[in-house]
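*Asks:* Sequence and predicted structure are below.
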Amino acid sequence: MPHIKAKERFTSHWGLIASIIGIAIGTGNIWRFPRIAASNGGGTFLIPWILFLFCWSIPLITAEFAIGRHTRKGTVGSFVIMMGDRFAWMGGFVGLVTTAIMFYYSVVAGWCIRYFLGAALGDLFSAPGHQAYWDAFTGSGWQPFLFHFLAVSFGIAVISRGVAAGIERANRILIPALLVLMVASAIRAITLPGASEGLKFMFTPQWTLLTDYRIWIQALTQNAWDTGAGWGLILTYAVYMKKREDIPMNAAFIGIGNNSVSLLAGVTVFCAVFALAPGQASELIKSAGPANTGLTFIWIPQLFLSMPGGRIFTSFFFLSLSFAALSSLISMLEMTSLNLCDLGMKRRNSLRWVYVAALVCGIPSAVSIDFLVNQDWTWGMGLMASGACISIAVSVFGAAKLRKEGI
């Protein structure tokens with residue numbers, strides 16, 4: 001295995017868990033979940049979303065852990081070992097889907113960095129309005145690209161330091177900080193006058209909507225986003241895990257933990273919108289377009305400004321969200337680099353190629369929010385096929401054999 005140090009592993013159980021949670025906790029939970037849930041019936045959406053957690057996400061996470069630890073290869077190399085050379089394309093497809101997501105995810109990570117700086121420097125609060133601030137930023141073109149560049153550069157710098165010194169050390173700090181702030185923001189949102197309407201929207205299902213197949217599709221893709229199931233990212237990190245790790249327990253903890261963060265994000269955003277925009281909240285959160293895409297960025301600052309020390313909390317929130325987004329981006333960059341190494345490329349060269357590709361291919365999403373939303377839908381659908389490829393690999397290799405050798 002020339003692409004990684006032979007003995008390089010996560011140094012502790014917490015380091016592994018923090019890094020795996022860091023794959024999924026981030027903008028998928030805090031940016032994507034509220035807008036997808038809002039557009040798909042709120043409480044109705046939660047029913048298939050919870051079902052898919054147990055019948056799709058947790059089994060796939062378990063499989064990825066086992067495959068990665070057993071093969072000690074990236075997605076392409078793992079599929080070759082599991083199924084033979086003929087099926088290397090399946091591993092390539094899994095890698096392609098996640099790499100394509102990386103190209104616009106880095107843009108969203110850049111948004112988080114920009115909002116942190118806006119809150120820290122104060123211009124976020126001096127703007128004529130949060131909606132106007134969002135529109136001006138995303139419509140400028142050059143600003144989203146600049147922060148996309150910063151996000152990719154940071155990610156490459158971290159993974160170039162290796163697993164223990166780079167990935168693990170960063171996530172030990174990033175993830176706990178975000179969780180503390182998520183709990184604090186949810187508590188504050190619930191205590192706002194009128195927040196009960198947001199809770200009602202989020203947890204009251206409209207049973208007739210369950211006949212709409214689009215809600216089920218969106219629930220499945222969002223569950224993959226929430227947990228990281230089917231991306232090949234958990235498989236990639238499992239390459240570096242110790243043999244004695246309890247895979248089933250880790251998979252359940254990660255799946256349920258990530259979805260819990262999504263629920264916290266939903267409670268925070270929905271309660272804030274219904275409390276701060278009574279009378280128009282329902283239309284705002286259900287509408288398509290930039291306002292829906294920017295739900296978290298538009299309403300979270302208003303939520304924190306309604307409480308003492310709001311500017312400080314807003315700064316810390318977007319700092320932590322930036323960390324979480326970057327931790328997810330780091331795992332995507334690492335997966336793509338590891339696949340290139342499996343194909344025979346030296347580690348240093350693979351990082352250079354990944355860096356250039358991420359910068360260039362992220363430009364369309366940086367300059368056009370409509371293009372980014374289109375990519376989000378397209379490759380969100382691709383995650384279903386990606387998860388199916390991993391399931392097929394387990395079936396061909398033999399679930400009992402993998403359980404014996406990988407788990």
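*Replies:* Received it, and whenever you're ready, just let me know what you need. Everything quoted here is computed from the prediction, not taken from an experiment.
*Asks:* Can you pull the poorly scored residue ranges out of the stretch 301-407 of the chain?
*Replies:* Across the stretch 301-407 of the chain, the ranges flagged by pLDDT under 70 are 406-407.
*Asks:* Check the burial of residue 208 by counting its neighbours.
*Replies:* Residue 208 has 9 neighbours, counted by other CB atoms under 10 Å. C-betas here are computed from N, CA, C, even on glycine.
*Asks:* how near is it to residue 200?
*Replies:* According to CB to CB, to the nearest Å, residue 208 and residue 200 sit 17 Å apart.
*Asks:* for residue 357, same thing?
*Replies:* Applying CB to CB to residue 357 and residue 200 gives a distance of 45 Å.
*Asks:* Next: residue 61.
*Replies:* Residue 61 is 32 Å from residue 200, by CB to CB.
*Asks:* again, but for residue 223
*Replies:* 23 Å.
*Asks:* Between these two, which is the more surrounded one?
*Replies:* Per other CB under 10 Å, whichever of residue 223 and residue 200 has more neighbours is residue 223, with 30 against 13.
*Asks:* Now that one: which helix or strand?
*Replies:* Here residue 223, judged by DSSP states H and E, is contained in helix 213-227.
*Asks:* quick one: average pLDDT of the helix or strand just after that helix?
*Replies:* Sequence-wise, the next helix or strand downstream of helix 213-227 (DSSP H and E) is helix 233-238. Helix 233-238 carries an average pLDDT of 83.
*Asks:* could you give the angle of the helix or strand that helix 233-238 is followed by to helix 213-227?
*Replies:* Next along the chain after helix 233-238, taking DSSP H and E as the criterion, comes helix 247-276. Angle of helix 247-276 versus helix 213-227, following axes from the mean of the first three to the mean of the last three CA atoms, to 10 degrees, is 110 degrees.
*Asks:* Buried ones in helix 247-276, by neighbour count?
*Replies:* For helix 247-276, a neighbour-count test (16 or more other CB atoms under 10 Å) marks 247, 250-255, 257-259, 261-276 as buried.
*Asks:* how about the helices in the stretch 1-150 of the chain?
*Replies:* Assigned by DSSP state H, counting those that start in this stretch, the helices in the stretch 1-150 of the chain fall at 13-24, 27, 33-39, 43-52, 58-71, 75-83, 88-121, 123-126, 130-138, 142-159.
*Asks:* and the next helix or strand after the first one, average pLDDT?
*Replies:* For helix 13-24, the succeeding helix or strand toward the C-terminus, using DSSP H and E, is helix 27. Averaged over helix 27, pLDDT sits at 72.
*Asks:* now swap in stretch 96-105 and tell me
*Replies:* 93.
*Asks:* Same question for stretch 152-166.
*Replies:* 76.
*Asks:* Also stretch 60-74?
*Replies:* 89.
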